[in-house]
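[1] what shape does this take:
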Amino acid sequence: MYTLAVCAEMVFRDLPIEDRARRIHDAGFQVEIWDWSRHDLDALARTPAEFSSMTGYLRGNLTDEAGAAELLRTAEESVKAAEQLGCPRLNLHGTGLDGAGLPVVPVTGEATGPMWIAAHRTLTRLAELGESAGVTFTLENLNTATDHPGVPFARAADTLALVAAVDRPGLRMNLDLYHAQIGEGNLIELVRRAHGLGLIGEIQVADVPGRQEPGTGEINYPAVARALADLGYDGTVAMEAWARDDDSERAMARFRTAFTL
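    Got it, this is the predicted structure:
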């Protein structure tokens, strides 16, 4: 059966991050964080939390030589931070994101052929780094219509194609169903396809619209949960969602209910 995790960046926002991690742990979930460089890793390491995922780079992108070099350099720093927290997965995007979630190096229109080649080369090197360090890098799909305009390789179809082309155990897909619902839809079939290829490293969820907890929008997450169980998915499902009305306890309870069969 799959394991449930909650993103500490988006719940209990009035508390320090280490207190958020404790609250999430005490509720029976694993803990996800974003940019580890903004946090006190020693304080997080002292909590009883089990960390599921964190951002796997600080700067850089997949589309050009200079950006790739910076991404790889900061990925090496991220591996060391992950080791301190015992975190098994390091998350990636097509390019670095600013504080508003916008790409530092936006792409107008579709990614070009040379961009795809550069991304494949860089992701292969990241997979090799992950394999040598005993961690998995995950490439996340994003939506460009609402949250992340200008991010290359954002669609789930593109993310899955890159991960499949690299075909290394050190690289998997972070299948974000909130972003996929906005960008592509047909979520259960998308899950079946990615799982059938053996390429899912983690699944993230939030409801649409609003990016709040399951049960607040249009996505039938209990049906998704049943599909995952039928497939035998035994990885992590992480709630990366804002708590409606800032009620984090209720948000976690709704998440648990949606994914309890």
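[2] and the helix or strand hosting residue 255, how far from the chain's centre?
    Secondary structure from DSSP states H and E places residue 255 in helix 248-258. With C-alpha atoms, centre = their mean, to the nearest Å as the basis, helix 248-258 stands 19 Å off its chain's centre.
[3] same check on stretch 231-242?
    Its chain's C-alpha centre and that of stretch 231-242 lie 10 Å apart, by C-alpha atoms, centre = their mean.
[4] and for stretch 140-157?
    13 Å.
[5] remind me what the helix holding residue 255 packs against, helices and strands.
    In terms of contact count using 3 or more C-beta pairs under 8 Å, 6 or more residues apart in numbering; DSSP states H and E, helix 248-258 is assigned the packing partners strand 3-7, helix 221-231, strand 236-239. In short, each C-beta sits where N, CA and C put it, glycine included.
[6] one more time with 7 Å, if that's ok
    Applying 3 or more C-beta pairs under 7 Å, 6 or more residues apart in numbering; DSSP states H and E, we find helix 248-258 packed against strand 3-7, helix 221-231.
[7] model confidence over it, on average?
    Averaging pLDDT along helix 248-258 yields 98.
[8] and it, which residues are buried?
    Of the residues in helix 248-258, those buried under the neighbour-count criterion (16 or more other C-beta atoms under 10 Å) are 248, 251, 252, 254, 255, 256, 258.
[9] can you map out the strands along the stretch 1-150 of the chain?
    Listed from the start of the chain, the stretch 1-150 of the chain has strands (DSSP state E, counting those that start in this stretch) covering 3-7, 30-32, 51-55, 89-92, 136-140.
[10] using a markdown table, please lay out those together with mean neighbour count, distance to residue 101 and mean pLDDT.
    Formatted as a markdown table, the entries for the strands of the stretch 1-150 of the chain read as follows, by neighbours: other C-beta atoms under 10 Å; distance: least, C-beta to C-beta, whole Å; pLDDT from 0 to 100:
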| stretch | mean neighbour count | distance to residue 101 | mean pLDDT |
| --- | --- | --- | --- |
| strand 3-7 | 23 | 14 | 98 |
| strand 30-32 | 25 | 16 | 98 |
| strand 51-55 | 25 | 12 | 98 |
| strand 89-92 | 24 | 14 | 98 |
| strand 136-140 | 26 | 12 | 98 |
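[11] with distance to residue 204 added, can I get the ones you listed in a markdown table?
    Supplementary listing: the strands of the stretch 1-150 of the chain in a markdown table, determined by distance: least, C-beta to C-beta, whole Å:
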| stretch | distance to residue 204 |
| --- | --- |
| strand 3-7 | 8 |
| strand 30-32 | 8 |
| strand 51-55 | 8 |
| strand 89-92 | 9 |
| strand 136-140 | 7 |
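[12] how about those, which one is nearest residue 155?
    Proximity of those to residue 155 was assessed by C-beta to C-beta; the nearest stretch is strand 136-140, lying at 11.4 Å.
[13] which neighbouring elements make contact with that closest one?
    By 3+ C-beta pairs under 7 Å, 6+ apart, strand 136-140 packs against strand 89-92, helix 113-133, helix 156-166, strand 171-176, strand 200-205.
[14] among these, which comes closest to residue 38?
    Residue 38 lies closest, by C-beta to C-beta, to one member of these: strand 89-92, at 14.8 Å.
[15] distance between the closest one and the chain's centre?
    Using C-alpha atoms, centre = their mean, we find the averaged C-alpha position of strand 89-92 to lie 7 Å away from the chain's own average C-alpha position.
[16] cool, stretch 61-75 as well?
    Its chain's C-alpha centre lies 19 Å from the corresponding centre of stretch 61-75 when counted by C-alpha atoms, centre = their mean.
[17] and if you look at stretch 113-131?
    Taking C-alpha atoms, centre = their mean, the mean C-alpha location of stretch 113-131 is offset from the chain mean by 18 Å.
[18] what's next to that stretch, contact-wise?
    Identification of contacts with stretch 113-131 by C-beta atoms under 7 Å, 6 or more residues apart in numbering yields 62-64, 68, 71-72, 75-76, 79, 136-137, 139, 152-153, 162, 165-166, 168-171.
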